[in-house]
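> Below is the structure, and that's it, no one-letter string:
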C-alpha cells in the first residue's frame, strides 16, 4: 500500500516500540510502518520469540537499506521485568515516539465454572497488566517531551461479550476503559491516544485460543471471509500518519459479514 509523501514525512525518523511484533497483526504493522516511512524509521520489535524477531530484522534490512531495527525479547505477561527492559535500552533507542500495545491473546472458550485458572492468568497478565505496566513506563517520557502516540489494539469483544469469552472480553473491556482514561488524563499534552478494535481477523489468534488445535481454529472462520492482518495494520498506519492535531481516537474494524463480536452471518 502506498501512503504518500506526507505520510512518510510524519513518521520519518521516529522510534517505534511495538509488542507482539513476531507474527500476525504486529508483524504486519511493522512491515506497513517500514513501507509508509520508505525505511526511514527506527523499529523496536518486541516479542517472546527471539529467533522470529531476528528473521524479521533481516527481512526488513534486506528490503530497506536505511532502516534501523532493534529486536527486544519481551514477554509482557512477565510484567515485573518490563521497567528494567525499557531502562536497559541503548541510549539512542530510549526515546520512544510511538508505542503500539499489540500483544494480546485469548485462551480457551470455557464457561464460568469450567475455566482453567492458568488460562485466566495468561489473558490478564498479557492483555491487561503487561499492557498497563508498559504504558505506565513509557508515558512519563512522552509527557515530558509533550509529544507521542500510543496505539491500543483492542477487540470487538471489548464492546460486547459472548458465551465462553467472559475473561477475554473483560480484558479487552479493561483496555477500552484504560485507554479512555488515559486519553482524558493526557488532554493537556500533545499525546495522541489511538484505539483500534478489530473484529474477526484470521491470524494465529484462534490457534493460540485452542492451544494449538488447528482444526478447531479453522472452524472459527467457516462460512464467511474474515479480515486479515493487513486490514488492521493499514488502519493503524493511517491513524499514525495523520497530522499531529488529528486524532483517530477509535476505529471499530469489521469484515462485511460481522456486526458485533458474536453476530456473524455464515453461509
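Ah, there it is. No experiment lies behind these values; they were computed from the predicted model shown.
> In contact with residue 70, which residues?
Counting by CB atoms under 8 Å, 6 or more residues apart in numbering, residue 70 makes contact with 42, 43, 44, 45, 89, 90, 93. C-beta coordinates here come from the backbone N, C-alpha and C atoms, glycine included.
> Please identify the helix or strand for it.
Element membership of residue 70 [criterion: DSSP states H and E] is strand 68-73.
> How about that strand, which residues are buried there?
By 16 or more other CB atoms under 10 Å, the buried positions in strand 68-73 come out as 68, 69, 70, 71, 72.
> related to what we said a few turns ago, just the buried residues of the contacts of residue 70.
Neighbour-count burial (16+ other CB under 10 Å) is assigned, among the contacts of residue 70, to 42, 43, 44, 45, 89, 93.
> and those residues as TSV, adding pLDDT, distance to residue 198 and secondary structure?
Compiled in TSV, the buried ones among the contacts of residue 70 are given as follows (pLDDT from 0 to 100; distance: CB to CB, whole Å; DSSP: H, G, I helix; E, B strand; the rest coil):
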residue	pLDDT	distance to residue 198	secondary structure
42	97	26	strand
43	98	21	strand
44	98	23	strand
45	98	20	strand
89	97	29	coil
93	98	28	helix
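> Export those residues as a markdown table, with columns for distance to residue 211.
Shown next, in a markdown table, are those (distance: CB to CB, whole Å):
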| residue | distance to residue 211 |
| --- | --- |
| 42 | 36 |
| 43 | 30 |
| 44 | 29 |
| 45 | 25 |
| 89 | 33 |
| 93 | 35 |
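> from the residues you listed, which is closest to residue 163?
Closest approach to residue 163 among the buried ones among the contacts of residue 70 (CB to CB): residue 45, at 35.7 Å.
> Distance of the residue most central in space within the chain relative to residue 158?
In the chain, the residue lying closest to the centroid (CA atoms, centre = their mean) is residue 102, at 1.6 Å. From residue 102 across to residue 158, the span is 15 Å (CB to CB, to the nearest Å).
> Would you agree the residue nearest to the centre of the chain is in contact with residue 150?
No. Checked against CB atoms under 8 Å, the pair residue 102 and residue 150 is beyond contact range at 11.5 Å.
> what about the stretch 1-150 of the chain, any weak spots by pLDDT?
The stretch 1-150 of the chain contains residues with pLDDT under 70 at 1-5.
> Show me where it has its strands.
Ranges of strands within the stretch 1-150 of the chain are 15-19, 42-47, 68-73, 98-101, 148-153, based on DSSP state E, counting those that start in this stretch.
> partners of the third one in the sheet?
The strands beside strand 68-73 in its sheet (DSSP bridges) come out as strand 42-47 (parallel).
> give the contact list for the nearest residue to residue 83 once chain neighbours are set aside.
Leaving aside its chain neighbours, residue 83 sits nearest to residue 137 (5.2 Å; criterion: CB to CB, 6 or more residues apart in numbering). Residue 137 makes contacts with 82, 83, 86, as judged by CB under 8 Å, 6+ apart.
> give me that answer again for 10 Å
79, 82, 83, 84, 85, 86, 87, 96, 99 (CB atoms under 10 Å, 6 or more residues apart in numbering).
> from those, which would you call buried?
For these, buried by 16+ other CB under 10 Å: 79, 82, 85, 86, 96, 99.
> quick one: which two of those residues are the most distant?
79 and 96 (17.5 Å).
> Can you give me the buried ones in the top helix by length along the chain?
Ranked by residue count under DSSP state H, the longest helix found in the chain is helix 166-185. The neighbour-count check on helix 166-185 (16+ other CB under 10 Å) flags 166-176, 178-179, 182-183 as buried.
> ok, and the closest non-adjacent residue to residue 244?
Closest to residue 244 by CB to CB, 6+ apart is residue 190, at 6.6 Å.
> so residue 183 makes contact with residue 195?
Yes. Judged on CB atoms under 10 Å, residue 183 makes contact with residue 195 at a distance of 8.4 Å.
> picking up where we left off before, would CSV of the buried residues of strand 68-73 with distance to residue 35 be doable?
Listed next are the buried residues of strand 68-73 as CSV, based on distance: CB to CB, whole Å:
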residue, distance to residue 35
68, 15
69, 14
70, 19
71, 19
72, 21
